[in-house]
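J.: missing the sequence, but the structure's below:
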């Protein structure tokens, strides 16, 4: 029903992001989505959920030519959402992440992927977390940065590792134990065949997407989800 081949060769990863505070239209949401959204007690978390589901529905609606609210989304045993696409011939995988106001969705064809995003908090005790979830080499890499740059460098490593954990469906601690270096060097493949790239949204956020491919083209665009769109 669609042709998503990349004429330039290699894999293609499409990334959509949106500001959940701009969310103003539930038109793309299914009745089930809206029912699930009501289970979130706090409005910021509810908007994150609604924004993520809207991004996923809009993406697949464009690929399939179907109304977004009629697409069926389910959740597996690990809590990962997926599209019920039996008979549609849709080999896409997708990953969702949110932090603060920003929601990110990444999509790829036939390859595993994961995405993560974090709001940079300068006062956060990143070193304590780093000692728990990063390797010794990664910590030494962070400490080599000037003090003013260490926090942002930590978030880059943290989001890479979280994205890999999502892609492989393992916990972050298991991901750390199973490797001796970070998931991938940003923008370059490593020996395991994974490639990552930064996800650029607001300047106060750091995000990373990881795909299981040695060559990949990344396309990122912002979606505006106001009531007029």
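T.: Thanks, I have it. Given the structure is predicted, the values throughout are model-derived calculations rather than measurements.

J.: Which SSE is immediately downstream of the lowest-mean-pLDDT helix or strand in the chain?
T.: Least confident helix or strand of the chain, by mean pLDDT, DSSP states H and E, is helix 172-177 with a mean of 50. Next helix or strand after helix 172-177 toward the C-terminus (DSSP states H and E): strand 195-199.

J.: Sheet partners, orientation included, of that next one?
T.: Strand pairing for strand 195-199, determined by DSSP bridges: strand 205-211 (antiparallel).

J.: what about the partner strand, distance to the chain center?
T.: How far strand 205-211 lies from its chain's middle: 7 Å, per CA atoms, centre = their mean, to the nearest Å.

J.: got it, and stretch 121-139?
T.: On CA atoms, centre = their mean, the centre of stretch 121-139 falls 21 Å from the chain's centre.

J.: tell me which residues in that stretch are buried?
T.: Neighbour-count burial for stretch 121-139 flags 126, 130, 133-135, 138 (criterion: 16 or more other CB atoms under 10 Å). In short, each C-beta sits where N, CA and C put it, glycine included.

J.: Keep only those of those residues that are in strands.
T.: Taking DSSP state E, every one of these sits outside strands.

J.: Which two of those residues have the greatest separation?
T.: 126 and 135 (15.1 Å; CB to CB).

J.: in the chain, which segments are predicted with low confidence?
T.: Along the chain, the model assigns pLDDT under 70 to residues 1-9, 85-90, 171-191, 227-229.

J.: Please enumerate the strands of it.
T.: 11-19, 73-75, 81-83, 92-99, 102-109, 113-119, 195-199, 205-211, 216-222.

J.: Out of those, the one nearest residue 167 is which?
T.: Using CB to CB, the strands of the chain put strand 113-119 closest to residue 167, at 3.4 Å.

J.: Okay, angle between that closest one and strand 205-211 too, please.
T.: Angle, strand 113-119 to strand 205-211, by axes from the mean of the first three to the mean of the last three CA atoms, to 10 degrees: 170 degrees.

J.: partners of strand 113-119 in the sheet?
T.: Strand 113-119 is paired, per DSSP bridges, with strand 205-211 (antiparallel).

J.: my guess is residue 10 meets residue 213, correct?
T.: Yes - proximity of residue 10 to residue 213 meets the contact threshold set by CB atoms under 8 Å, at 6.9 Å.

J.: hmm, back to that, with distance to residue 26 as added columns, please give the buried residues of stretch 121-139 in TSV.
T.: Listed next are the buried residues of stretch 121-139 as TSV, based on distance: CB to CB, whole Å:
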residue	distance to residue 26
126	37
130	40
133	37
134	40
135	44
138	42
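
J.: Can you tell me which of those is nearest residue 202?
T.: Nearest to residue 202 among these, with distances taken as CB to CB, is residue 126, at 19.1 Å.

J.: which one is that closest one nearest to, not counting chain neighbours?
T.: Spatial nearest neighbour of residue 126, chain neighbours left out: residue 154 (4.2 Å); criterion: CB to CB, 6 or more residues apart in numbering.

J.: show me what contacts the one you found?
T.: 126-127, 129-130, 142 (CB atoms under 8 Å, 6 or more residues apart in numbering).

J.: Let me have those in TSV, adding distance to residue 170 as columns.
T.: Output for the contacts of residue 154, formatted as TSV (distance: CB to CB, whole Å):
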residue	distance to residue 170
126	22
127	24
129	18
130	19
142	23
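
J.: Can you say which two of the residues you listed are spatially most distant?
T.: Going by CB to CB, the pair spanning these furthest: 129 and 142, at 11.0 Å.
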